[in-house]
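> Need the 3D shape of this:
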Amino acid sequence: MSVKACRSGSAGRSICVFDLGKTNKKLLVFDEDLRIVEERMPPNAHEERHHHSRARQFFYVLSGTLTIELDGREHTVSAGSGLHVPAGTPHLVANRAQDAATFLAIASPTTAGDRHVT
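Model (predicted):
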């Protein structure tokens, strides 16, 4: 991971843009209060069902279509749409389409150290 650029933000915090290279994730903003990641999920891929005790998340689809299971209910989220996941809610993000999906995963506070497989 390399830092592409940093600048001073409010309350004396640094805001940095990270580049994760050839991976499917770009860490755009990372501090204790906010994490924004651009992710590319290949077709027929999914993550493990999990929840975050403290962090709430918002998934915003840039291209393609995601299926997001939220507390046992499936939601189809297409490009230009998003879905809020409250803290403590079991969820799973999947790409069941034939094309890759690109999306923003926004968390507040950060999900670092706050992922619990359910």
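> With adjacent residues omitted, what lies nearest to the residue nearest in space to the middle of the chain?
Central residue of the chain (Cα atoms, centre = their mean): Ala105, 2.1 Å from the mean position. Computed as Cβ to Cβ, 6 or more residues apart in numbering, the closest residue to Ala105 that is not its neighbour in sequence is Val37, at 4.7 Å. No exception for glycine: its C-beta is placed from N, CA and C like everyone else's.
> Wait, that neighbour touches Thr102, no?
No: with contact defined as Cβ atoms under 8 Å, Val37 does not reach Thr102; the gap is 11.2 Å.
> Okay, now the unreliable bits of the chain?
Where the chain drops to pLDDT under 70, the residues are 1-23.
> where along it do the helices fall?
Per DSSP state H, the chain carries no helices over any range.
> What segments of it are strands?
2-8, 14-19, 25-30, 35-41, 45-46, 50-51, 56-63, 65-70, 73-78, 82-85, 91-95, 101-108, 116-117 (DSSP state E).
> Who does the residue nearest to Ala105 form a beta bridge with?
Leu27, Ala105 (DSSP bridges).
> and Val77, what does it touch?
Counting by Cβ atoms under 8 Å, 6 or more residues apart in numbering, Val77 touches Phe59, Val61, Thr65, Leu66, Thr67, Ile68, Leu83.
> Out of these, flag the one nearest to Asn95.
When the contacts of Val77 are compared for distance to Asn95 (Cβ to Cβ), Leu66 wins out at 5.9 Å.
> Could I get the contacting residues of the closest one?
Met41, Phe59, Thr76, Val77, Val93, Ala94, Asn95, Ala101, Phe103.
> List the contacts of the third one.
Neighbouring residues of Thr76 by Cβ under 8 Å, 6+ apart: Thr65, Leu66, Thr67.
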